[in-house]
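1. Sharing a model prediction with you, sequence too.
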Amino acid sequence: MTTFTTDVHAERVGHLGLITLNRPKALNALSLAMVRELNHVLQQWQDDAQVRAVVVRGSNKEGPFGAFCAGGDIRYFHQAALSGDATLEDFFTEEYSLNYLIQNYTKPYIALMDGIVMGGGMGISQGAALRVVTERTKMAMPETHIGLFPDVGGGYFLSRCHGVACPHHFGEYLALTGHVLRGGDALHVGLADMCVDSSALPEMWETLRQQDWTSGEAVVAWLREQCQASTATSMAKSPVWLNAPIDCVFGLATVAAMEQALQGTDDWSIQTLKALHHQSPLMLCVTLEQIRRGRHMTLAQDLRMERDLVRHCFQTDHLSRRGVSSETVEGIRALVVDKDNAPKWQPERIADVTPEMVLPFFESPWPAAAHPLRHLS
């Protein structure tokens with residue numbers, strides 16, 4: 001089976017399912033059509049005994065690789081929210097269902113995470129059986145920049161960052177600041193499995209196409225072997241944040257306490273505080289609560305929570321705010337639409353956010369039997 005839709009190229013070659021995200025001008029940002037095509041193809045291949053593994057890559061303006069996926073299509077979010085487009089609800093329900101499908105895929109699903117891997121790009125890669133990064137990888141969950149929160153399972157996988165040198169509260173640090181990880185750093189915190197030089201990817205892809213693979217496990221084993229040397233080199237380098245007091249700050253109980261702890265004059269404190277002050281104070285507090293809750297949830301529970309959260313982001317009725325007045329719509333306006341980089345957050349200061357503003361985000365607008373993700377087990 002081969003399907004070449006406008007933005008997703010899905011091809012069965014021998015015993016492999018090969019997917020190329022092909023929306024390079026938008027850095028392969030996911031549209032609703034792309035989410036639906038990915039769901040459709042992956043479900044078909046899961047039931048096809050001839051397909052033994054699936055490999056996904058991105059593309060750039062010059063050809064394959066170079067940008068994996070920059071996230072969801074936030075321009076669409078903005079337009080849909082302002083016009084009352086009901087497909088916005090479908091987008092998040094179907095995207096989170098896709099994230100769950102990938103996490104629980106019955107065959108090896110392999111993500112070649114070259115270039116930008118952010119937001120929704122993390123959602124379609126973090127559940128992979130093998131996550132391969134390169135020296136060009138730029139990985140982040142930067143949703144707080146636009147008045148959103150790190151969704152697509154971010155509460156689950158960010159809260160579980162791990163590694164020999166990884167601070168316990170590194171997930172909170174990534175979620176609140178939107179800090180960008182390079183490929184080697186992602187290895188150190190358990191958000192990638194292997195590293196390879198980006199120049200090796202085209203030949204690797206061709207070899208995948210040409211071999212007659214006896215099993216999905218054989219594909220994974222071969223890729224691990226190809227990446228072994230680069231991975232060892234990357235792991236031997238100390239991450240740039242190794243000596244930063246991340247746990248001392250991001251292990252604190254509230255964002256306000258973190259803000260107070262970052263009053264130092266060292267460069268890390270200054271830059272970290274600057275990052276926090278760029279984000280929506282309200283959504284910083286919502287995000288901290290999300291990560292703390294997600295640490296004790298299954299993926300299905302976390303995705304249901306995030307589906308509740310994203311509904312409240314666009315319909316914040318408990319704050320008497322919808323559409324243009326929501327933090328998310330305002331954040332996208334400032335960053336992407338008007339590009340003035342001057343969002344008018346409500347409230348403006350972290351100190352002014354109250355629990356009464358935050359906790360209703362975690363109240364589901366649906367009874368359990370009618371939840372749009374009730375089918376996730």
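-> Yep, it's here.

2. Next, the distance between the ends of stretch 191-210.
-> End-to-end span of stretch 191-210 (Cα to Cα, to the nearest Å): 29 Å.

3. what does it rub up against?
-> 13-14, 16, 18, 55, 57, 64-66, 112-114, 122, 126, 130-137, 139, 157, 161, 181, 183-184, 186-187, 219, 223-224, 226-228, 230-231, 233-234 (Cβ atoms under 8 Å, 6 or more residues apart in numbering). In short, each C-beta sits where N, CA and C put it, glycine included.

4. again, 6 Å this time
-> In this structure, residues lying in contact with stretch 191-210 by Cβ atoms under 6 Å, 6 or more residues apart in numbering are 13, 65, 114, 130-134, 136, 183, 186-187, 227, 230-231, 234.

5. From the residues you listed, which shows the smallest pLDDT?
-> Looking at the contacts of stretch 191-210, model confidence by pLDDT dips furthest at Phe65: 86.

6. wait, isn't it in contact with Ile116?
-> No: using Cβ atoms under 6 Å, Phe65 and Ile116 do not qualify as a contacting pair, with a distance of 11.3 Å.

7. overlap in contacts of those two?
-> Listed contacts common to Phe65 and Ile116 are nil; contacts here mean Cβ under 6 Å, 6+ apart.

8. Can you show me the helices along the stretch 201-350 of the chain?
-> Assigned by DSSP state H, counting those that start in this stretch, the stretch 201-350 of the chain shows helices spanning 201-210, 216-235, 246-250, 255-261, 267-278, 281-294, 299-314, 327-332.

9. so can I have CSV of these showing distance to Thr106 and mean neighbour count?
-> Compiled in CSV, the helices of the stretch 201-350 of the chain are given as follows (distance: least, Cβ to Cβ, whole Å; neighbours: other Cβ atoms under 10 Å):
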stretch, distance to Thr106, mean neighbour count
helix 201-210, 20, 14
helix 216-235, 9, 17
helix 246-250, 36, 20
helix 255-261, 40, 19
helix 267-278, 39, 16
helix 281-294, 24, 24
helix 299-314, 15, 22
helix 327-332, 35, 24
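
10. Out of those, which is closest to Val51?
-> Closest approach to Val51 among these is made by helix 216-235 (8.6 Å; Cβ to Cβ).

11. any chance of the helices of the stretch 201-350 of the chain in a markdown table, with distance to Cys195 too?
-> Converted to a markdown table, the helices of the stretch 201-350 of the chain look like this (distance: least, Cβ to Cβ, whole Å):
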| stretch | distance to Cys195 |
| --- | --- |
| helix 201-210 | 12 |
| helix 216-235 | 4 |
| helix 246-250 | 22 |
| helix 255-261 | 31 |
| helix 267-278 | 25 |
| helix 281-294 | 26 |
| helix 299-314 | 25 |
| helix 327-332 | 32 |
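
12. which SS state does the residue nearest to Gly190 when sequence neighbours are not counted fall under?
-> Closest residue to Gly190 apart from its sequence neighbours, by Cβ to Cβ, 6 or more residues apart in numbering: His162 at 4.3 Å. The three-state assignment at His162 reads coil, by DSSP: H, G, I helix; E, B strand; the rest coil.

13. Pull the residues that contact stretch 309-325.
-> With Cβ under 6 Å, 6+ apart as the contact definition, stretch 309-325 has outside contacts at 81-82, 92, 148-149, 151, 326, 328, 360-361, 365.

14. average pLDDT across that stretch?
-> Stretch 309-325 shows a mean pLDDT of 86 in the predicted model.

15. likewise stretch 293-305?
-> The predicted model gives stretch 293-305 an average pLDDT of 98.

16. Also stretch 33-48?
-> Stretch 33-48 shows an average pLDDT of 97 in the prediction.

17. which residues are contacting that stretch?
-> By Cβ under 6 Å, 6+ apart, the list of residues contacting stretch 33-48 from outside reads 5, 7-8, 10, 17, 51, 54, 94-95, 98, 101, 106.

18. Distance of the closest residue to Pro360 other than its chain neighbours relative to Leu359?
-> The shortest distance from Pro360 to any residue that is not its chain neighbour, by Cβ to Cβ, 6+ apart, is 4.0 Å, and that residue is His318. Relative to Leu359, His318 is positioned 9 Å away (criterion: Cβ to Cβ, to the nearest Å).

19. and what of Gln271?
-> In this structure, Gln271 lies at 30 Å from Leu359, with Cβ to Cβ as the measure.
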